[in-house]
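Engineer: Generate coordinates for the sequence data below:
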Amino acid sequence: MLEEGDCEPNVVTFSTLIKGFCKMGDCRAAIQLLRKMEEIGCKPNIVSYSIIIDSLCKEASIDEVLKFLSEMSSRGITPNVVTYTSLIDGLCKLGHWEEATRLLDQMLSKSVSPNVLTFSVLVDTLCKAGMVVKAKNVVEMMMQRHIEPDTVTYSSLMDGYCMRGEMDHARQVFDHMISKGSMVNVHSCSILINRYCKVKEVDKANEIFKEMRHMELVPDTITYTTLIDGFCKAGRIQEAEKLFSEMQGCGQLPNVQTYAVLLDGLCKNQQLSTAIELLKEMEADKLEVNIVVYTVVIDGLCKAGKMESARDLFCGLSSKGIQHDVITYNIMIQGLCHHGFLVEAEKLLREMGRKRCFPDGFTCNTIIRGLLNNNLTSWAVELIHEMIHDKVDLNSINLRYMFDCTKQGAEQHRSIQKKDVFSWYMFDCAKQVAEQHRSIQKKVVISW
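Structural biologist: The predicted model follows:
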């Protein structure tokens, strides 16, 4: 339209359109537009190239990015801090922190000054890779260049210490952020609360939670869910329930994950009736109850020996429009095997195949162990043979356990072992499984 009138598009017009295409996720259209610019004699500038490079980095198309960088250089366009930061971010997201560090050095050598975002991206990547010392060195480099780390930088460093279990260092960073004024935010607090809960220091996590109020920070759903989970895992279920009620009272709505965490805590602390009530409350409130939530309750019922209730809940999922997944099947099969309902467990195994929800190593291991523990060796071996025939991945099966059990079964028939087809059939199955695991075959001793 612009070309047909007297108003010709310029580099700003094209760059705006390029940015629009990139924001829509259509980088190919943006590149075509860049080529169109060249055709009509409108030279792309650093902004045009930087937008495309940023989009390609987000698509992890690093090889293409490097081509554009080379193209820029050949046209005498020098990459700026935005270009370099986009590329460093792209490399970091691919885990190529060494190349990203080299690129930072290249920036400095070309007198392109990194900004706080450039440094923060690198600090975050180094911390996630467990290289907190290198990350701290980058933070020190920032300060030497009079670039003040921001909340994102410090939060990444704190998270890095947390992931390494260095909670004293993490707390020092947190306290430093507090001393700087309003640098601490809800996310920063949630990082520390999460890690304290993970290392079973729930009281310290609760202290941070209480400090948030003094800093006039409003905990979000993630913060509440994390601390509720911490209380549940510490067996402090009453405090978890109290926090759950407080959360609702503050107008912070629990999400499915919050409910799943609390349900898991209730089930593991022998409060199944409360868990069932909470599940009914979710259903009555028309909340989107997913398979994860139902699986948590089914697991609790199975472990409590309430197999009839577990069956009813499991079988009723289809009528609710919820499909069983492999984890739900595994939990139900494990419960049935543990309580001696082996025929029913095998029926569920067959049902998985019919419903295209294929058993994994845990499923196979569970049902085979259940059969062997009940001295049903022949049945177990037939099932193993069938799995081998169907090319089921048996990687997770405890081979040593299986071999020991099948060996014991054969020894029960020692008087006729040389003529015993069953014993040799078991040996053949064990041998075939071992052939799937040549790397560990030497570690498994089979004495026949």
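Engineer: If you average the pLDDT over stretch 289-301, what comes out?
Structural biologist: Average pLDDT, stretch 289-301: 95.
Engineer: And it, what's buried?
Structural biologist: Val289, Ile291, Val292, Val293, Tyr294, Thr295, Val296, Val297, Ile298, Asp299, Gly300, Leu301 (16 or more other C-beta atoms under 10 Å). Backbone N, C-alpha and C define where each C-beta goes, glycine included.
Engineer: Likewise for stretch 225-244?
Structural biologist: Buried residues in stretch 225-244 (16+ other C-beta under 10 Å): 225-234, 236-237, 239-241, 243-244.
Engineer: Check whether Pro114 sits in a helix, strand or coil.
Structural biologist: coil (DSSP: H, G, I helix; E, B strand; the rest coil).
Engineer: how far does stretch 18-34 stretch from start to finish?
Structural biologist: 7 Å (C-alpha to C-alpha, to the nearest Å).
Engineer: Tell me which residues are up against it.
Structural biologist: Phe14, Leu17, Pro44, Ser48, Tyr49, Ile51, Ile52, Asp54, Ser55, Leu56, Glu59, Ser61 (C-beta atoms under 8 Å, 6 or more residues apart in numbering).
Engineer: and that stretch, how far out from the chain's middle?
Structural biologist: Relative to its parent chain, stretch 18-34 has a centroid offset of 31 Å by C-alpha atoms, centre = their mean, to the nearest Å.
Engineer: Could you do stretch 207-217 as well?
Structural biologist: Mean-position distance between stretch 207-217 and its chain equals 28 Å (C-alpha atoms, centre = their mean).
Engineer: what's the answer for stretch 334-351, then?
Structural biologist: With C-alpha atoms, centre = their mean, you get 30 Å for stretch 334-351.
Engineer: For stretch 167-184, which residues meet the burial criterion?
Structural biologist: Met167, His169, Ala170, Arg171, Val173, Phe174, Met177, Met183, Val184.
Engineer: Need the max-distance pair from the residues you listed.
Structural biologist: Using C-beta to C-beta, those reach their maximum pairwise distance at Met167 and Met183, which is 19.4 Å.
Engineer: Relative to Cys250, which of the contacts of stretch 18-34 is nearest.
Structural biologist: Asp54 (38.8 Å).
Engineer: Make sure that closest one is actually in contact with Tyr84.
Structural biologist: No. With contact defined as C-beta atoms under 8 Å, Asp54 and Tyr84 do not form a contacting pair (10.9 Å).
Engineer: and the two? which has more neighbours close in?
Structural biologist: Taking neighbours as other C-beta atoms under 10 Å, Asp54 and Tyr84 compare with Tyr84 leading, 24 against 20.
Engineer: Run through the residues that contact the more buried one.
Structural biologist: Leu103, Leu104, Gln106, Met107, Val112, Pro114, Thr118.
Engineer: same check, this time on Pro254
Structural biologist: Taking C-beta under 8 Å, 6+ apart as the test, what Pro254 contacts is Thr221, Tyr224, Thr225, Phe244, Met247, Gln248, Leu262.
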